[in-house]
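**Student:** Quick check, what structure comes out for this input:
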Amino acid sequence: MSQEENSSGQGSSPTENAAETETKDMSFAREDELIKVSANDIIPGLALPSDVYIRLPTGRFVMVAKKGAKSSIHDLHAAESNKEVSFYVRKSEFLHCVDQNIKIAGILSRKTDIPVERRTEFLKIAVDSVFKEIEFLGFQAKALDQARITINSVMSIIHSKEDYVRLLHKINELPGSYVKDALAVSALAVLIGRKMGWGQAGSLEKLALGGMLRDVGLKEISQEILDKPRKDMTADERITWETHPYRGAEILRTIPGVPFEVIAMTLEHHENALGVGFPRRVRDYKMNPYSKIVCLADAFVELTIKRDGEPSRSPVDAIHHLEFVMGMPYNKSCMLALKKSLELDDQSLLGTDRRKMAA
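**Tutor:** Numbering: from 1, shown residues only. Okay, here's the model as predicted:
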């Protein structure tokens, strides 16, 4: 062996050489190269946009399906187990997965012969993909473009009370409260805006985008706090949690092309007309017009989406709670539009009130 060959081999242990070989072998991957995805993120029957890996009991990550192969949960070794199986894709290929899910949701959302419930499943996958991208890769211009495409798909399936009720019913069957909330608030904000006469596509797109991204600041709050219901948070934890509108607005300000109205909705989606919201406690007349709609949609969705250990309210009960229990702390025109969107009148709400009193 030459002196040069001997020198180049010095300092390389057998373990290091094995690790290097494994890294080069695309059948294996390191954890820091991968992003965890769920089985629901992989749409069956389509060509996989990336290689797919699973984690072995030894801790190693091994490829179970190659990019370009037709995806099937049964082919990914999940068929024989009732346990939920987690899959992984390379960070370098994750955007291909997001693009595919958004494209499929966009195509299916416009097919009126497919039930709203089925289209909602694919929309949820698309929204979930966008949020995973933001979580693992950061909020960049690409994520904004993909969010815009996704909310246009949301807008294309919500045209009536029946559409929204079907979407809400389906959402309550799906996992993942954060993504469900984003999808439901985005859809409801569009429904309210249309009922208020906001007919321009650009305005409705901003509403839907604000509804979808309003909680982006939560990505900077610790998981320990996020896992707690607000009623169980300590005073300090609640103070920290209530900073997420500020944090979200600051995140969006760094992204070129984010409309001012979307930043305003992110900052003000927990405010209300009486000035007792947060973080700035501004009254109705100081709030952005878009924020007035989204903060109401946010409050309504919080009441009507199932949460761990808590039942959801019906739309009638949610409106009753906002008006008669909370004292209607939201913009009156927006509330009227919400009731009209859901085809609720004062008589039906009074009937609910009498039934509660009788009980």
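**Student:** going forward, measure contacts and count neighbours with C-alpha atoms only.
**Tutor:** Fine.
**Student:** Check which helices and strands the longest helix along the chain sits against.
**Tutor:** The helix that spans the most residues within the chain, counting by DSSP state H, is helix 116-137. In terms of contacts (3 or more C-alpha pairs under 8 Å, 6 or more residues apart in numbering; DSSP states H and E), helix 116-137 is packed against helix 91-109, helix 141-157, helix 161-171, helix 177-195.
**Student:** pLDDT below threshold where in this structure?
**Tutor:** For the chain, the stretches flagged by pLDDT under 70 are 1-26, 72-84, 175-176, 308-309, 346-359.
**Student:** In it, mark out all the strands, start to finish.
**Tutor:** Using DSSP state E, the strands of the chain run over 28-29, 34-37, 52-55, 61-65, 87-90.
**Student:** Please produce TSV containing the ones you listed, extended by distance to T266 and mean neighbour count.
**Tutor:** Formatted as TSV, the strands of the chain follow (distance: least, C-alpha to C-alpha, whole Å; neighbours: other C-alpha atoms under 10 Å):
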stretch	distance to T266	mean neighbour count
strand 28-29	38	20
strand 34-37	27	19
strand 52-55	35	22
strand 61-65	38	18
strand 87-90	31	22
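**Student:** so who does the closest residue to P245 other than its chain neighbours touch?
**Tutor:** Among residues not flanking P245 along the chain, L267 sits closest, at 4.6 Å (C-alpha to C-alpha, 6 or more residues apart in numbering). Shown in contact with L267 (C-alpha atoms under 8 Å, 6 or more residues apart in numbering): 214, 245-246, 248-249, 279.
**Student:** separation between L267 and Y178?
**Tutor:** 17 Å (C-alpha to C-alpha, to the nearest Å).
**Student:** Could you do Y53 as well?
**Tutor:** Separation of Y53 from Y178 (C-alpha to C-alpha): 26 Å.
**Student:** Would you mind writing the CA trace of the longest helix of the chain as CSV?
**Tutor:** Provided in CSV are the C-alpha atoms of helix 116-137 (Å, rounded to 0.1, in the frame of the first residue of the first chain):
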residue,chain,number,x,y,z
VAL,A,116,-68.5,16.8,0.0
GLU,A,117,-67.5,14.4,2.8
ARG,A,118,-65.1,12.6,0.5
ARG,A,119,-63.6,15.8,-0.9
THR,A,120,-63.1,17.0,2.7
GLU,A,121,-60.9,14.0,3.4
PHE,A,122,-58.5,15.0,0.6
LEU,A,123,-58.7,18.6,1.7
LYS,A,124,-57.7,17.6,5.2
ILE,A,125,-54.7,15.7,3.8
ALA,A,126,-53.6,18.8,1.8
VAL,A,127,-54.0,21.2,4.7
ASP,A,128,-52.1,18.7,7.0
SER,A,129,-49.3,18.6,4.4
VAL,A,130,-49.0,22.3,4.3
PHE,A,131,-48.7,22.5,8.1
LYS,A,132,-46.2,19.8,8.2
GLU,A,133,-44.1,21.7,5.7
ILE,A,134,-44.3,24.8,7.9
GLU,A,135,-43.4,22.8,11.0
PHE,A,136,-40.4,21.0,9.6
LEU,A,137,-39.1,23.3,6.8
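**Student:** in that helix, what counts as buried?
**Tutor:** 116-117, 119-134 (16 or more other C-alpha atoms under 10 Å).
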